[in-house]
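**Student:** task: produce atomic coordinates for the following.
(one chain, ligands or ions: 2)
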Amino acid sequence: MKLILPALTEATSPDWRPIKYSLFPPLGLATLAAHLDPDVEISIQDEHVQKLDLTDEPDLVVIQVYITNAYRAYQIADRYRARGSYVVLGGLHVTSMPDEAAPHADTIVLGPGEHTFRQFLSDFRAGSPLRRYMSTTRTLRDLPPIRRDLIQRRLYLVPNSIVVSRGCPHHCAFCYKDAFFSGGRSFYTQRVDAALAEIARLPGRHLYFLDDHLFGDPRFARELFRGMRGMGRVFQAAATVDSILRDDVIQEAAAAGLRSLFVGFETLSAAALAGAGKRQNLGRSYRDVVRRLDDLGIMINGSFVFGLDRDDRDVFARTVDWSVQHGITTATFHILTPYPGTALFASMAAQDRITTRDWDLYDTRHVVYRPIRLSPAELQRGYGWSYRTFYRWDRIVRAASAHASARHALKHFCYSTGWKKFERAWDLVIRIKQLSQMRPLLEAVLSPVRPRAEGTATEGLPNQPVGADCQGTILPTRA
Ligand code: B12
Ligand code: SF4
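**Tutor:** Ligands and ions are numbered 1, 2, ... in the order given. Okay, the predicted model is just below:
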């Protein structure tokens, strides 16, 4: 049996950033593989980091389909079916566009795969698999451990990616979430003890939580972080603006090792937030969010969307200036993208504003609809300008200087330049298959901002490496 994560078409373009796609292993496929008997011969292949071998003839081929790899996924599926393999397609895009995917598969699976895949396997073994399965059971309880042994860790910078929940309690109009989880609960968590056991199984120090909103259930999050104290971990995650201001969960997270947080600011305009259904951000002070995270020594990856209906030509400079001024460490800018299945897609389609259905372009880097107060060319140009400007050396230095602590400023500088300014070096490291050698550098940049005695951020974290700051990262011993 073979499980494949195809690469997106962009993999052959000059804009391709190999490092971005060598970060995380195919966790979804390793999660599905856990349902197979241990004696089944299984391979997981991830086209982002390895050339696919398509000459074999597996009995069963499982393919994960995102929007931007859909065409490649269909091509691979057609090829295997022509050679007699049984092909199952699943994932986000299949769930949004089942009728498009179905002709390329023997079976399609809609929604989260844990329970449906188990059912499919049992039907397949009995010789009577259905054409379509739809997830209705929504729980992460009593699942077998993820088959991490099938992941080639050395090919990834962050092999320890982990998800301890699914979905999110909010309902933003542009988000994939409501479409993917329709037909059942759209937010649920693991049991805390199971999550802690999974964390304990992961080697090394660094973790990356891929949960949409790790603080979505405050009680779960608080218990998780308390359980993680003393594990000596450093980790990154994502959470919403309101959850950072709400209570003490963010402090618990910092004490457990949170060092960098992806925050969905999306826009600085309250009217645009309301238009996008992002109610949880309304009336919250972004300045207070930044201050709170800064005080805890947590770096911010700010996420912003351009092209919302209220956005005009000033939106780009306004957003970049604000981000630099407030010491945002890395910014992820997106062109608004109406994913099929979302409320946004439905409303734009009803207004006849969708200009292309070429899914390759639905990568948040291309304009695929008619904006209202900007022309498509202005939006495209403004997006490119924002990235170039935010990551100019002088802006990086200015943003890094915004922090109260010199050590935080230094770490900001290292993290931001390391991510965006050394593309060739990353390419080389990937080519010579030495990514795992870079992990200690990442861990060093994510070490605490303050020595333990001074601040709350590191309370309860024993055995932090002394001097593991940005300077440490350039010492040969750390590399
Ligand atoms: C990590 C991640 C990445 C990593 C991918 C790493 C990897 N190797 O998988 C990187 C950084 C490379 C990435 C890139 C991009 N990503 Co991304 N990414 C994510 C993220 C945060 C987590 C994915 C994950 O691991 N989830 C946890 C695992 C357990 O779940 P899963 O992978 O979905 O698998 C489950 C189910 O989908 C299902 N399943 C999946 N496949 C199959 C197959 C079968 C047969 C069955 C039965 C079930 C099944 O079962 C699994 C277990 O439940 C998601 C957000 C999210 N919460 O999903 C966005 C997300 C998937 N990304 C998205 C996007 C848009 C992109 C980019 C286009 C962004 C960009 N501008 O570059 C690129 C393109 C990626 C591509 N290959 O086409 C969108 C997808 C929208 C869509 N409708 O498809 C998401 C949902 C983010 C968002 N909120 O918009 N991404
Ligand atoms: S808060 Fe984030 S994950 Fe949750 S619905 Fe909104 S965009 Fe999606």
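
**Student:** can you list the residues of the stretch 101-250 of the chain near ligand 2?
**Tutor:** By the rule Cβ under 6 Å from any ligand atom, the part of the stretch 101-250 of the chain lying against ligand 2 is 168, 170, 171, 172, 175, 177, 212, 213, 240. In short, each C-beta sits where N, CA and C put it, glycine included.

**Student:** mind pulling up the pLDDT for the second one?
**Tutor:** Among the per-residue scores, residue 170 shows a pLDDT of 94.

**Student:** ok, now which ones touch the closest residue to it other than its chain neighbours?
**Tutor:** Of all residues not flanking residue 170 in the chain, residue 280 sits nearest, at 5.4 Å (Cβ to Cβ, 6 or more residues apart in numbering). Residue 280 makes contact with 170, 240, 241, 242, 243, according to Cβ atoms under 8 Å, 6 or more residues apart in numbering.

**Student:** now the element after whichever strand or helix holds the fourth one, going C-ward?
**Tutor:** Taking DSSP states H and E as the definition, one finds residue 242 inside helix 241-246. Moving toward the C-terminus from helix 241-246, the first helix or strand encountered (DSSP H and E) is helix 249-256.

**Student:** need the per-residue pLDDT for the closest residue to residue 50 other than its chain neighbours.
**Tutor:** The shortest distance from residue 50 to any non-neighbouring residue, by Cβ to Cβ, 6+ apart, is to residue 155 (6.8 Å). Note for residue 155: predicted pLDDT of 92.

**Student:** so residue 155 sits right up against residue 21, yeah?
**Tutor:** No. The criterion here is Cβ atoms under 8 Å, and residue 155 misses it with residue 21 at 10.4 Å.

**Student:** which residues do those two both contact?
**Tutor:** What both residue 155 and residue 21 touch, as defined by Cβ under 8 Å, 6+ apart, is the set residue 49.

**Student:** which parts of the stretch 101-250 of the chain sit against ligand 1?
**Tutor:** 109, 112, 113, 114, 116, 117, 163, 175, 176, 210, 212.

**Student:** so who does the third one touch?
**Tutor:** Put plainly, it is residue 113. Residue 113 neighbours (Cβ under 8 Å, 6+ apart): 28, 31, 32, 90, 135.

**Student:** distance check, it against ligand 2.
**Tutor:** 19 Å (Cβ to the nearest ligand atom, to the nearest Å).

**Student:** also the fifth one?
**Tutor:** Separation of residue 116 from ligand 2 (Cβ to the nearest ligand atom) stands at 22 Å.

**Student:** identify the residues contacting the closest residue to that residue other than its chain neighbours.
**Tutor:** In this structure, residue 116 finds its nearest non-sequential neighbour in residue 133, 4.2 Å apart by Cβ to Cβ, 6+ apart. Residues in contact with residue 133 (Cβ under 8 Å, 6+ apart) are 107, 108, 109, 110, 116, 117, 119, 120.

**Student:** beta partners for residue 133?
**Tutor:** residue 109 (DSSP bridges).

**Student:** over to residue 299?
**Tutor:** residue 260.

**Student:** likewise for the one 5 residues further on?
**Tutor:** Beta-bridge partners recorded for residue 304 (DSSP bridges): residue 266, residue 333.

**Student:** I figured it hits residue 333, correct?
**Tutor:** Yes. Assessed by Cβ under 8 Å, residue 304 is found in contact with residue 333 at 5.3 Å.

**Student:** re the thing from before, and of the residues of the stretch 101-250 of the chain next to ligand 1, the nearest to residue 199?
**Tutor:** residue 163 (11.7 Å; Cβ to Cβ).

**Student:** so residue 194 versus ligand 2, what's the distance?
**Tutor:** When residue 194 is compared with ligand 2 (using Cβ to the nearest ligand atom), they lie 22 Å apart.

**Student:** now name the helix or strand holding that residue.
**Tutor:** Per DSSP H and E: helix 192-201 holds residue 194.

**Student:** and the next element down the chain from that helix?
**Tutor:** strand 206-209.

**Student:** output the contacting helices and strands for that following strand.
**Tutor:** strand 161-162, strand 234-239, helix 439-445 (3 or more Cβ pairs under 8 Å, 6 or more residues apart in numbering; DSSP states H and E).

**Student:** re earlier: which residues do residue 304 and residue 333 both contact?
**Tutor:** 319, 386.

**Student:** OK, now which residue of the stretch 301-450 of the chain is nearest to ligand 2?
**Tutor:** residue 303 (8.7 Å; Cβ to the nearest ligand atom).

**Student:** contacts only, for that residue.
**Tutor:** 262, 263, 264, 265, 266, 331, 332, 334.

**Student:** let's go with 7 Å and repeat that
**Tutor:** 262, 263, 264, 265, 266, 332 (Cβ atoms under 7 Å, 6 or more residues apart in numbering).

**Student:** check the residue nearest to the spatial centre of the chain and give its pLDDT.
**Tutor:** With distances taken as Cα atoms, centre = their mean, the residue of the chain nearest its centroid is residue 210 (5.3 Å). Per-residue pLDDT puts residue 210 at 98.

**Student:** thought it was touching residue 161?
**Tutor:** Yes. The criterion here is Cβ atoms under 7 Å, and residue 210 meets it with residue 161 at 5.2 Å.

**Student:** so where's the stretch 351-479 of the chain uncertain?
**Tutor:** By pLDDT under 70, the weakly predicted segments of the stretch 351-479 of the chain are 450-479.

**Student:** near ligand 2, which residues of the stretch 251-400 of the chain?
**Tutor:** residue 264.

**Student:** how about the closest residue to ligand 2 within the stretch 251-400 of the chain, nearest residue that isn't a chain neighbour?
**Tutor:** Per Cβ to the nearest ligand atom, residue 264 is where the stretch 251-400 of the chain lies closest to ligand 2, at 5.0 Å. Once flanking residues are discounted, residue 264 sits nearest to residue 303: 4.8 Å by Cβ to Cβ, 6+ apart.

**Student:** same check on residue 402?
**Tutor:** Nearest to residue 402 is residue 327, by Cβ to Cβ, 6+ apart, at 3.1 Å.

**Student:** residues in contact with that neighbour?
**Tutor:** 290, 294, 399, 402, 403, 412.

**Student:** ok, and the most crowded of those residues?
**Tutor:** Taking other Cβ atoms under 10 Å as the neighbour criterion, residue 412 ranks highest of the contacts of residue 327 with 28 neighbours.

**Student:** buried ones in the host helix or strand of that one, by neighbour count?
**Tutor:** Assigned by DSSP H and E, residue 412 belongs to helix 406-420. If you call a residue buried by 16 or more other Cβ atoms under 10 Å, then helix 406-420 has these buried ones: 407-420.

**Student:** what's that helix in contact with?
**Tutor:** 294, 297, 299, 327, 329-330, 391, 396, 399-401, 403, 445, 449, 469-470, 473.

**Student:** among those residues, which ones are buried?
**Tutor:** 294, 297, 299, 327, 329-330, 391, 396, 399-400, 403, 445, 449, 469-470, 473.

**Student:** from these, pick the one nearest ligand 1.
**Tutor:** Closest to ligand 1, out of all of the buried ones among the contacts of helix 406-420 and judged by Cβ to the nearest ligand atom, is residue 330, at 13.2 Å.

**Student:** what ranges do the helices span in the stretch 251-400 of the chain?
**Tutor:** For the stretch 251-400 of the chain, helices defined by DSSP state H, counting those that start in this stretch occupy the ranges 270-275, 286-295, 315-325, 343-350, 376-390, 393-400.

**Student:** can you pull out the strands in the stretch 51-200 of the chain?
**Tutor:** 60-64, 86-90, 107-110, 132-134, 161-162, 165-167, 187-189 (DSSP state E, counting those that start in this stretch).
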